[in-house]
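Student: Predicted model, plus sequence, below.
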Amino acid sequence: MEKCLKRIKAITETVDNREYGIRGTYDVLQFLKDFELLDYLTEENAFVVCLNTKNKVVGYSQVAKGGVNYVNIDMKSIFKIALLTNAEKIIFIHNHPSGDTTPSKNDLEFAENLRNCCNLMGVCLLDNVIVANDNIKTLMKF
């Protein structure tokens, strides 16, 4: 647990130095580019970006890594990061290495499950996005 808290602190300090605010989907894409989170990935990866009440980024973390066309995500890993950063809101992000942002049936089912879990946990799911190359597809509108 101590190792995890140190990692969260380091992540949060990195973000605080840049003062990122998220106002829309474009800002999410810019954040990903600035931190090079999705550059050169050849398999699906999932990230959570945590925000405070004013939509300022307070932390982010990779929560899963998968194969060429899948990623298995444990809800606990998403909420662990959200709770450790004291996030009011989260944005869930995963990539499609194929270059196609069209959500799969699994993507849509996961999005619904995540929305339900966020409601139960009292965390606002601000957005759920799929990124492929420089394209971004939002599964929600904020």
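Tutor: Yes, it's here. The shown structure was predicted, so the numbers you read here are calculated from the model rather than taken from an experiment.
Student: For the residue nearest the centre of the chain, which residues are in contact?
Tutor: Centroid-nearest residue in the chain, with Cα atoms, centre = their mean: Val48, separated by 2.5 Å. Neighbouring residues of Val48 by Cβ atoms under 8 Å, 6 or more residues apart in numbering: Tyr60, Ser61, Val63, Ile78, Ile81, Ala82, Ile90, Ile91, Phe92, Ile93. Where C-beta positions appear, they are placed from N, C-alpha and C, glycine not excepted.
Student: Return the helix or strand in the chain with minimum mean pLDDT.
Tutor: Ranked by mean pLDDT, DSSP states H and E, the weakest helix or strand in the chain is helix 2-16, scoring a mean of 54.
Student: All the strands of this structure, in order from the start?
Tutor: 45-51, 57-65, 89-95, 124-132, 135-138 (DSSP state E).
Student: low pLDDT regions in this structure?
Tutor: Along the chain, segments meeting pLDDT under 70 span 1-19, 35-39, 141-142.
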